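Asks: sequence plus predicted model, see below.
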Amino acid sequence: MKIRIDTHTHSVASGHAYSTIDELAKGARRRGLSGFVLTDHGPAMPGGTHPYHFGNLRILPDYIHGVRFMTGIEANIMGLDGGVDLADYLLARLDFVLAGFHDICLAPMSVAENTEAMIAALASPRVDAISHPGNPGFPIDKRAVVRAAVAYGKALEINNSSFRIRKGSAESCAELASICAEEGALVVCGSDAHYWRDVGNVPVALSVIKAAGIPEERVVNASVEGFLGFLEGAATTLSRRRRYRGDDAIAATTLPRRRRYRGDDA
């Protein structure tokens, strides 16, 4: 098992990442990926993006250095209602929306409150997946969250960087993955790259997914077709998305979400 699209990457726009979009694309190509999603942090993260950043992603080409570029965000969950730090009309322009907890934006709460907020985010039609839900800094009722993800058709991320930077993540993420396997949940495997050489670098996350017995067809970015099918299935408003047809070339028709560009990178 391997991933074909890295669904969690950050550029210099996040304020604490160190590579440009071009460099991230080169990193994806170096790993043999078909594409990557740019998921810079939402505006509540200090030192990072302005909402205009997400509105203007539409100027970028569909292919950069030979790999498919997709627009996204790692939005910050801001309260018990599951609301995030970007307006709906901007979220609607993006291909993929991660939402997650960051303690600099929202202080950890009780298990019941963290669980309530995460389930509320999963209920949002704009949110596709939860980033690093196994973070032990925000303890949750894992089974309740997994069951909510199944009910809403959303994915839960196994985040490779967590094993390096979030103490206690190995045990927490392994438990979460096991529950996902038992409940038939969808998972997404992301690098959380903040430097171009880490794009597609997910060996520990994949090993946890395999050990839990999660089948490849439930890892939504293990294939291009699976990821694009997930995006289309998760969208309740089809005009939100670009509709996709084709194989690994990721050929796309034109939809209002963002203008397609033709040129050297197309």
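Replies: In hand now; what should we look at? Numbers count the residues shown, from 1 in each chain.
Asks: what about S223, how many residues nearby?
Replies: 18 (other Cβ atoms under 10 Å). Heads up, the C-betas are built off the backbone N, CA and C, glycines and all.
Asks: measure it to A25 for me?
Replies: Distance, S223 to A25, by Cβ to Cβ, to the nearest Å: 20 Å.
Asks: for the stretch 51-200 of the chain, just list every one of the helices.
Replies: Ranges of helices within the stretch 51-200 of the chain are 51-55, 88-91, 111-123, 142-152, 162-165, 169-183, based on DSSP state H, counting those that start in this stretch.
Asks: what angle sits between the longest one and helix 142-152?
Replies: Here helix 169-183 runs at an angle of 50 degrees relative to helix 142-152 (axes from the mean of the first three to the mean of the last three Cα atoms, to 10 degrees).
Asks: mean pLDDT per helix and strand in the chain: which one sits at the bottom?
Replies: helix 224-234 (a mean of 91; mean pLDDT, DSSP states H and E).
Asks: by contact count, what packs against it?
Replies: strand 5-9 (3 or more Cβ pairs under 8 Å, 6 or more residues apart in numbering; DSSP states H and E).
Asks: low-confidence stretches in this structure?
Replies: For the chain, applying pLDDT under 70 flags the ranges 234-266.
Asks: mind listing the strands for it?
Replies: Using DSSP state E, the strands found in the chain span residues 5-9, 35-38, 63-64, 67-76, 96-100, 129-130, 155-159, 186-190.
Asks: tell me which of those strands lies nearest to G200.
Replies: strand 5-9 (4.9 Å; Cβ to Cβ).
Asks: could you give the angle of that closest one to strand 155-159?
Replies: Computed by the same axes, to 10 degrees, the angle between strand 5-9 and strand 155-159 is 80 degrees.
Asks: send me strand 5-9 as PDB with only the CA atoms.
Replies: Provided in PDB are the C-alpha atoms of strand 5-9 (Å, rounded to 0.1, in the frame of the first residue of the first chain):
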ATOM      1  CA  ILE A   5      -1.900  12.000  -3.600                       C
ATOM      2  CA  ASP A   6      -0.500  13.700  -0.500                       C
ATOM      3  CA  THR A   7      -3.500  15.400   1.100                       C
ATOM      4  CA  HIS A   8      -1.700  17.500   3.700                       C
ATOM      5  CA  THR A   9       1.100  19.900   2.800                       C
END
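Asks: what comes into contact with that strand?
Replies: 24, 28, 31, 33-39, 68, 70, 72, 74, 96, 98, 129, 131, 157, 159, 188-193, 199-200, 202, 221, 224, 227 (Cβ atoms under 8 Å, 6 or more residues apart in numbering).
Asks: nearest to L57, of the strands of the chain?
Replies: Comparing those by Cβ to Cβ, strand 67-76 comes nearest, at 4.3 Å.
Asks: and the closest one, how far from the chain's centre?
Replies: 7 Å (Cα atoms, centre = their mean, to the nearest Å).
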